[in-house]
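[1] Return a 3D structure for these sequence lines:
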Amino acid sequence: MQPMLNIAVRAARSAGDLLLRSADSVGNLRIDQKGRNDYASEVDRMAEREIINIIRAAYPDHAILAEESGQHEGNDFVWVIDPLDGTTNFLHGFPQYAVSIALKYKNRLEVAVIYDPARDELFTAKRGGGASLNNRRIRVTNQSTLKGALIGTGFPFKSTTHLDAYLGMFRAVTSDAAGIRRAGAAALDLAYVACGRLDGFWEIGTMEWDVAAGILLIQEAGGVVTDFSFGENYLASGNIIVGNPKMHHVLYRLIEPHVTDNLK
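    Take a look at the predicted model:
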């Protein structure tokens, strides 16, 4: 998988450079509203085309699942691409956004790259090969209780359907945690769990391209990822709890009582 990881790194860096070049002129960008509180700019699409062109040049037979252009048919290799995770942040000049690229083979995550161009931080992982930040190995924290823990989350801002359930989860977690952060880019939130900047994270209703790369990063950094039913249906359901093994158990125990039937 190393050659494929190298291609993912090249694509992520190239897209990241494009984002940085556009960051000072966001006022001139064409912005489309895809749904409630869900936006895409021409930079999202340009960055996605850049990534796809690099992947297609190296692996023309591979399939692609991309946020802006959807499904591109191919073989058992599937590249899962979010060209700009944190679009709202980017459009507001809030420097918390990233390029996220994952590769699945027969539905198993094999390669992951998350690139933060604003900080020039490159998170990479390869199944069985560990996880790294700028070529240095990373691990999840060993935090075992909420006391002193810093937890990440994502608000269900695109739909209020599960707002009451989320608020119950938030209330339960915030009671003992040292702090909860909602930075607005799930890919980076997961990368931060993998490298120990956050002790855990949970969110309702993520999309596969938001979290695929971050999931492999966490697993290769020694962490645990489940859905709200303690299973592995997180890519399909979009509901996710992550952390080191002990912190994951703590979060699951607090979140589970507020999980409705529609979130299982």
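
[2] can we go C-alpha only for contacts and neighbour counts from here?
    OK.

[3] From the centroid of the chain, which residue is nearest?
    Centroid-nearest residue in the chain, with Cα atoms, centre = their mean: Ala187, separated by 2.4 Å.

[4] does it sit in a helix or strand, and which one?
    Per DSSP states H and E, Ala187 falls inside helix 186-195.

[5] Partner strands of the helix or strand just after that helix and their direction?
    The first helix or strand that comes after helix 186-195 along the chain, using DSSP H and E, is strand 200-203. Applying DSSP bridges, strand 200-203 is found paired with strand 150-154 (parallel), strand 240-243 (antiparallel).

[6] Looking at the ones you listed, which is nearest to His72?
    His72 sits nearest to strand 240-243 of all the strands paired with strand 200-203, at 25.8 Å, using Cα to Cα.

[7] how far away is the closest residue to Ile241 other than its chain neighbours from Gly223?
    Distances taken as Cα to Cα, 6 or more residues apart in numbering place Trp202 nearest to Ile241, at 4.4 Å, with adjacent residues excluded. Noted for Trp202: a distance of 13 Å to Gly223, by Cα to Cα, to the nearest Å.

[8] Comparing the two, which shows the higher neighbour count?
    Between Trp202 and Gly223, counted using other Cα atoms under 10 Å, Trp202 has the larger neighbour count: 29 against 25.

[9] Please tell me I have it right and that one contacts Phe155.
    No: between Trp202 and Phe155 there is no contact under Cα atoms under 8 Å: 9.6 Å.

[10] Surely Val80 forms part of a strand?
    Yes: assigned with DSSP: H, G, I helix; E, B strand; the rest coil, Val80 falls within a strand.

[11] what packs against the top helix by length along the chain?
    Ranked by residue count under DSSP state H, the longest helix found in the chain is helix 2-22. Using 3 or more Cα pairs under 8 Å, 6 or more residues apart in numbering; DSSP states H and E, the elements in contact with helix 2-22 are helix 42-58, strand 98-105, strand 108-116, strand 121-126.
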